[in-house]
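Asks: Sequence first, then the predicted structure, then my questions.
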Amino acid sequence: MQKSIIRHSLLVLCSLAVAGCSGVFKSQEDKTQGWTADQLYQEARDNVRASEWKSASQNLSAVETRFPYSSQAQQALIDQAYVYWKDDEPEQATASINRFLALYPNHPGTDYMLYLKGLVTFTPPSAFLSSYTGQDPSERDPKGLRQSYQAFNELITRFPDSRYAHDARSRITWLVSTIAENEVNVAEYYYKRDAYVAAINRSQAVIRDFSGVEAAERALYIMMKSYEKLGLTEQANDAKRVLEQNFPNSKYYAQGLDGDKHWSDMFKPASWFNN
């Protein structure tokens, strides 16, 4: 009698377990199973409009996986890059963009993808400047800004009449000035720590690579003072001559480096930085 009760109890428990598993499987069932490419894509678009980035990404991936040769698959890859960017996944966004550019080099959306590639690594002024607090400038790597510059520059070179070209040019102007200022900050850091050769090398890079930027004035002054500290009078005089030719009323003669206004004050974020 006791064995019969135990056997019956075990059967009941097994039945409940099976029923429970069945419920779990049903709850995990993919509701998009059997959907067309257009249905999947429209669902993803609805996710994007609702800022549901994870769901959007899943549905866009499903479009690519299930319908790899459809027109929706190409658009899904474009949207996937955008979704990754909005979801703070810059590496995956860049990977999607690079894959798209490799697969569809002549696609009408190439200019947009280059623009998006620039945005992915573009750092707004407020965020970039806030990272400068209490940090050794020689350890700050503007790699993302350089990557952004390269993408925007490719865009305006290949597609000068693109609807995105004007904004890209504006961003490039800021990027060039910012990267140059970063180089001069590093040069000044080395100069103030008596690393005069390193200061000269950084200053020369600014003069060589960033024509016409405001940071060139400080770079030339640091170069001149570094040569003086090294006792290289001829080179110091050459740097001074170039400084006076280009900045005849240079403020650095009167105030030096310590009286210089912090460079971050020169950059005021504009509305188009806020994406």
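Replies: Sure, I can see it.

Asks: pLDDT wise, what is the closest residue to Q147 other than its chain neighbours at?
Replies: Leaving aside its chain neighbours, Q147 sits nearest to T121 (4.4 Å; criterion: CB to CB, 6 or more residues apart in numbering). Quick note: C-beta positions are derived from backbone N, CA and C, even for glycine. Looking at T121, its pLDDT stands at 88.

Asks: wait, doesn't T121 sit right on P90?
Replies: Yes - using CB atoms under 8 Å, T121 is in contact with P90, at 6.7 Å.

Asks: Looking at those two, which is more packed in?
Replies: Neighbours were counted for T121 and for P90 using other CB atoms under 10 Å; T121 has more, 19 against 15.

Asks: Contacts only, for the more buried one.
Replies: Taking CB atoms under 8 Å, 6 or more residues apart in numbering as the contact definition, T121 lies against 90, 94, 144-145, 147-148, 151.

Asks: Widest-spaced pair of these?
Replies: T94 and L145 (14.4 Å; CB to CB).

Asks: So what's the residue count around A236?
Replies: By other CB under 10 Å, neighbour count at A236 equals 18.

Asks: quick one: the most centrally placed residue in the chain and R171, what's the gap?
Replies: The chain has T121 as the residue nearest its centroid, 0.8 Å off, counting by CA atoms, centre = their mean. Noted for T121: a distance of 11 Å to R171, by CB to CB, to the nearest Å.

Asks: which residues are in contact with both of the two?
Replies: S148.

Asks: And P142, how close does it get to F247?
Replies: P142 is 24 Å from F247, by CB to CB.

Asks: Over to G231?
Replies: Distance from G231 to F247, by CB to CB: 25 Å.

Asks: which of the two has more neighbours?
Replies: F247 (17 against 8).

Asks: so the more buried one makes contact with R218?
Replies: No - judged on CB under 8 Å, F247 makes no contact with R218 at a distance of 9.6 Å.

Asks: what's the overlap in contacts for these two?
Replies: In contact with both F247 and R218: no residue, using CB under 8 Å, 6+ apart.

Asks: how about the helix or strand containing K117: buried residues?
Replies: Remark: K117 resides in helix 110-120, with elements defined by DSSP states H and E. Going by neighbour count (16 or more other CB atoms under 10 Å), the buried part of helix 110-120 is 110-120.

Asks: again with stretch 34-49
Replies: Those would be 35, 37, 40-41, 43-45, 47-48, for stretch 34-49 by 16+ other CB under 10 Å.

Asks: Nearest to Y189 among those?
Replies: V48 (43.8 Å).

Asks: ok, now how distant is the closest one from A195?
Replies: For V48, the distance to A195 - CB to CB - is 50 Å.

Asks: just E64 next, same as before
Replies: Distance from E64 to A195, counting by CB to CB: 51 Å.
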